[in-house]
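Colleague: Just a sequence and a predicted model for now, questions to come.
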Amino acid sequence: MIFVDTSAWYAANVPTDPQYRVVQKTLASADRLVTTDYVLDETLTLLKARGHAHRARHLGKRLFDGRAARLEYLNEQDVAQAWIIFSTYRDKAWSFTDCASYVAMKRLAVSEAMALDEHFQEMPGISLVPLVV
């Protein structure tokens with residue numbers, strides 16, 4: 001299973017993004033994808049804020065009906081653990097959503113992430129999925 005972060009969802013849904021084709025190809029070649037409700041929130045908000053409301057609605061529909069990926073909901077313990085990580089790793093630029101994603105990945109025993117920034121690469125036990133060129 002591969003965890004998909006906001007950066008990958010955004011790139012895969014905006015044709016003018018420089019990584020659009022390679023991320024689309026990588027997503028298409030992956031077997032099982034998972035993301036969280038926090039990433040869903042962050043991605044849909046980012047798409048809409050950058051003028052892609054129609055793309056946000058399309059992706060949201062595909063995530064809510066399970067066609068794009070498995071949508072994992074964070075529970076109260078996950079959020080509390082994310083806060084501990086967020087508070088502890090002060091030297092990292094990880095967002096709270098990144099920390100929550102990390103907690104969900106650990107709970108689900110997922111060690112690969114599809115992301116376009118270095119944050120997941122810095123997390124212990126997580127590796128980035130190589131993009132398919």
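Modeller: Cool, got the structure. Because the structure is predicted, anything quoted here is derived from the model rather than measured.
Colleague: low pLDDT regions in the protein?
Modeller: Along the chain, no part satisfies pLDDT under 70.
Colleague: would you list every one of the helices in it?
Modeller: Using DSSP state H, the helices assigned to the chain run over residues 6-13, 20-29, 37-49, 53-64, 76-88, 96-108.
Colleague: now these as a markdown table including mean neighbour count and distance to residue 129?
Modeller: All C-beta atoms are positioned from the backbone trio N, CA, C, and that covers glycine. Converted to a markdown table, the helices of the chain look like this (neighbours: other CB atoms under 10 Å; distance: least, CB to CB, whole Å):
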| stretch | mean neighbour count | distance to residue 129 |
| --- | --- | --- |
| helix 6-13 | 24 | 9 |
| helix 20-29 | 16 | 7 |
| helix 37-49 | 19 | 15 |
| helix 53-64 | 15 | 18 |
| helix 76-88 | 14 | 22 |
| helix 96-108 | 22 | 13 |
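Colleague: Please render the ones you listed as a markdown table that adds distance to residue 118 to the earlier fields.
Modeller: Below are these laid out as a markdown table (distance: least, CB to CB, whole Å):
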| stretch | distance to residue 118 |
| --- | --- |
| helix 6-13 | 10 |
| helix 20-29 | 16 |
| helix 37-49 | 17 |
| helix 53-64 | 24 |
| helix 76-88 | 16 |
| helix 96-108 | 11 |
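Colleague: Select, out of those, the one closest to residue 133.
Modeller: Proximity to residue 133 (CB to CB) singles out helix 20-29 among the helices of the chain, at 6.0 Å.
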